[in-house]
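> Make a model of this:
(one chain, ligands or ions: 1)
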Amino acid sequence: MVTPPRSVSDVRNFLLFWSKVEEPLAGDVPAEVVAHGAACADHLSNWHPHDLELSVAGLLHDVGLLLVPGDELGHPAHGADYARPLFGGRTADLIALHVNAQRYLELTVDGYRVKPPPTAAFAAQPSLMTVEEAAAFQKHPLFRFALELRRADDAASEPEARADAEGIARQVARLTSLVRSLQRQDAAVSKEYT
Ligand SMILES: [Fe+2]
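Coordinates of the predicted model:
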């Protein structure tokens, strides 16, 4: 069970704390998880500069590994639970789907293989996607966005692709922009109904 953050400061402090921890946690190096997420978000904010939810999902897609260490299979759901209250359903669903996007590509793209995470030696790995699951996934409203997140995830998977402290700070700052934009949307909707 994941306790969601109460504010953007909670998330900022969480990310900045783990960004300095090089000691492995259930096989994952927290500093790498944070720097990898920021590098993934950097790609997404370059490719899709107006889709803040997509880049925040990129930043947070692997935080489940830090929230429930060692639960490799559960990490998309834990990350989604963490992100949902503050960053909204679309961001959370994109996080939840990132391993399904990997499973989809493994089924449909010849030779597609994700570099196993450091925990792979002792953690269960996601099962192969069935043809029926793939057909359902293609119809998901976030299908193409989930594949974009995966493309950025893969582009950020090499150790040398890790974001530096400045890159992490740049992406962490976007969390506030997303929360403000969601608040503006909420205010606009409630105004319509008053
Ligand atoms: Fe990743």
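
> which SS class is the closest residue to Glu106 other than its chain neighbours?
Leaving aside its sequence neighbours, Glu106 sits nearest to Tyr112 (CB to CB, 6 or more residues apart in numbering; 5.5 Å). Every C-beta, even on glycine, is put in place using the N, C-alpha and C of the backbone. Following DSSP: H, G, I helix; E, B strand; the rest coil, Tyr112 is assigned to coil.

> Can you pull up the most central residue in the chain?
His61 (1.4 Å; CA atoms, centre = their mean).

> Do I have it right that Ala39 meets Ala163?
Yes - counting by CB atoms under 8 Å, Ala39 does reach Ala163; the two are 4.4 Å apart.

> The spatially closest residue to Ala155 that is not a sequence neighbour: neighbour count?
Excluding the flanking residues, the one nearest Ala155 by CB to CB, 6+ apart is His43, at 5.2 Å. By the criterion of other CB atoms under 10 Å, His43 has 20 neighbours.

> From His61, how far out is His43?
Shown here: His43 relative to His61, a distance of 12 Å by CB to CB, to the nearest Å.

> again with Ala155
13 Å.

> Need the overlap of contacts for the two.
Cys40 (CB atoms under 8 Å, 6 or more residues apart in numbering).

> Enumerate every residue touching the closest residue to Arg90 other than its chain neighbours.
Leaving aside its sequence neighbours, Arg90 sits nearest to Glu53 (CB to CB, 6+ apart; 4.9 Å). Glu53 makes contact with 87-88, 90-91, 94, 178, according to CB under 8 Å, 6+ apart.
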